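Asker: my questions are about this predicted structure, shown below with the sequence.
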Amino acid sequence: MLRGLYTAAAGMVTQQRRHDTATQNIANLNTTGYKQVDSVSHAFPDVLIAAMHNGTTKNIGRLNTGVFAEQSVSQFLQGDLIESGKTVDFALSTDLQIMDPATNKPMIFDGSGKHISAEGEVTYKPQAFFTVQDNEGNNLYTRNGKFSVSPTGEVLSVGGFKVLDGNSQPLVLNGPEDRLKVDGQGYLIDNNTGLRSNSRIGISVITKPMDLVRDGNGVFHAEDPEAAQIRFADANDNMQVRQGYLENSNVDATQVTVDMNAAFRAYEANQKVIQYYDSSLQKAVNDVGRV
């Protein structure tokens, strides 16, 4: 009886985390550059049940011991681009590819940005991010291109992080921000000559985006940049920088609402099971114990 109580309790904790994840997505529905989070649940390992009688053992079967929310997975799909008209607002429009070694052709990714090979190997679509730096000198990555300019000319992200250029140095403007012009590859345009300068917004291509760890303020970091295969974008990448635009969140409001309601109903169902076990235990202690 107590085993069922623990299983139902584990189910309640899992559904609570699913509900929290869904509400987090809804709360960030209008957050620039926000990437939807999905909660992934797994079952605890099954145990083998056996009956023992007069020194003999008979296997009865397997018993599932409950479920738990193992991890939260970010969905790095492209969000809609919204025009803002501000010179220091930027958005990335990308369609990066990986060559399939089996066919020597670009991999075909599904709607969630995932490719599964014939052998079952999962590959996620590469993603591009603006590269920023915190006060400790750590590189961070964000899709929120709502930038500002400090009095010293440094370009800053929403969290106050320094936006880096293509040489991993803080991006600094030499003129007024209202005259800032950037081409489709992220290069700054010289206001005097109208030609492309050598200064470029630092855009990182992350081949394995699932290796990123979500931080606050809409940024991510890589615990192992080499394993995540991070590099600066080059001319061969199918990518465009859109000045005067911002990327909206990629949250699917309909699906998230369905997930939230499903988690709530599942939570209620597990709650009813616990109430049933509690009532049964109460009768066992107060009524059966008297006999």
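Answerer: Arrived safely.
Asker: from residue 123, how far off is the closest residue to residue 125 other than its chain neighbours?
Answerer: Leaving aside its chain neighbours, residue 125 sits nearest to residue 113 (4.0 Å; criterion: C-beta to C-beta, 6 or more residues apart in numbering). In short, each C-beta sits where N, CA and C put it, glycine included. Separation of residue 113 from residue 123 (C-beta to C-beta, to the nearest Å): 10 Å.
Asker: in the protein, which helix has the most residues?
Answerer: Secondary structure of the chain read by DSSP state H shows that its longest helix is helix 253-286.
Asker: would you indicate which residues of that one are buried?
Answerer: Judged by neighbour count using 16 or more other C-beta atoms under 10 Å, the buried positions of helix 253-286 are 256, 259-260, 263, 266-267, 270, 273-274, 277.
Asker: again with stretch 144-157
Answerer: For stretch 144-157, the neighbour count (16+ other C-beta under 10 Å) marks 144-147, 149, 155-157 as buried.
Asker: among the residues you listed, which pair sits farthest apart?
Answerer: Within the buried residues of stretch 144-157, 144 and 149 form the most distant pair, 15.8 Å apart (C-beta to C-beta).
Asker: what about residue 35, is that helix, strand or coil?
Answerer: Taking DSSP: H, G, I helix; E, B strand; the rest coil as the rule, one finds residue 35 in the coil state.
Asker: ok, now which ones touch it?
Answerer: 74-77, 79, 143, 249-250 (C-beta atoms under 8 Å, 6 or more residues apart in numbering).
Asker: with residue 245 instead?
Answerer: Here residue 245 is in contact with 81-84, 89-91, 145 (criterion: C-beta under 8 Å, 6+ apart).
Asker: over to residue 256?
Answerer: 22, 25-26, 36.
Asker: out of these, list just those in strands.
Answerer: When DSSP state E defines the strands, the subset of the contacts of residue 256 inside them is empty.
Asker: I'd like to know which of those residues are buried.
Answerer: 22, 25, 36.
Asker: list the contacts of residue 107.
Answerer: 97-100, 115, 123, 125.
Asker: how near is it to residue 96?
Answerer: From residue 107 to residue 96 the distance is 10 Å (C-beta to C-beta).
Asker: overlap in contacts of the two?
Answerer: With C-beta under 8 Å, 6+ apart as the test, residue 107 and residue 96 both reach residue 125.
Asker: then residue 20 would be within a helix, right?
Answerer: Yes: counting by three-state DSSP, residue 20 falls inside a helix.
Asker: nearest the geometric middle of this structure, what residue?
Answerer: residue 74 (1.8 Å; C-alpha atoms, centre = their mean).
Asker: in the sheet, who's paired with that one?
Answerer: residue 37 (DSSP bridges).
Asker: I'd say it and residue 212 touch.
Answerer: Yes: in terms of C-beta atoms under 8 Å, residue 74 counts as a neighbour of residue 212; the distance is 7.2 Å.
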